[in-house]
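**Student:** build me a structure from this.
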Amino acid sequence: QVQLVESGGGLVQAGGSLTLSCAASGRSFSSYAMGWFRQAPGKEREFVAAISRSGSSTNYADSVKGRFTISRDNAKNTFYLQMSSLKPEDTAVYYCAADPRRTVFVIKNASGYDYWGQGTQVTVSS
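**Tutor:** Numbers count the residues shown, from 1 in each chain. Have a look, this model is predicted:
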């Protein structure tokens, strides 16, 4: 089992940048593929980005491609979401999640992730 804690959310103007972090504790962090999801008010939770155990494979939602970058540091048990050129529609609670099953590839389906953080709010003002 792994425990996840997000940080780095906040209020930023459109066009600005933020970096979210997700710190993991418990079972070996490198045993999990990791993903970021977000949920805006009144909307369903949606996939943002994911990264494989080694970091060699990544996947992004079309809406964030070219603006967001996912990365991980297995030595620090932490992974990140660098967000730039932020838009008001990026406003949401962002969640990190851990997938214990995929070894090389990553998936976009939230049901494949067993462990979740508590979320961090990102608000982008226009």
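
**Student:** and for the nearest residue to Thr120 once chain neighbours are set aside, the neighbour number?
**Tutor:** In space, and not counting its chain neighbours, Thr120 is closest to Gly9: 3.4 Å by C-beta to C-beta, 6 or more residues apart in numbering. The C-beta positions use only the backbone N, C-alpha and C, and glycine is treated the same way. When neighbours are counted by other C-beta atoms under 10 Å, Gly9 registers 17.

**Student:** what of Ala61?
**Tutor:** When neighbours are counted by other C-beta under 10 Å, Ala61 comes out with 16.

**Student:** for it, give me its contacts.
**Tutor:** Glu46, Phe47, Val48, Ala49, Lys108 (C-beta atoms under 8 Å, 6 or more residues apart in numbering).

**Student:** if we use 6 Å, what do you get?
**Tutor:** Applying C-beta atoms under 6 Å, 6 or more residues apart in numbering to Ala61 gives the contacts Phe47, Val48.

**Student:** backbone dihedrals for it, both of them.
**Tutor:** Ala61 has phi and psi values of phi -70, psi 150 when expressed as degrees, to the nearest 10.

**Student:** what's the pLDDT at it?
**Tutor:** With respect to pLDDT, Ala61 has a value of 97.

**Student:** one step back: hmm, the residue nearest to Thr120 is touching Gly117, no?
**Tutor:** No - at 11.1 Å, Gly9 and Gly117 do not qualify as touching, with contact defined as C-beta atoms under 6 Å.
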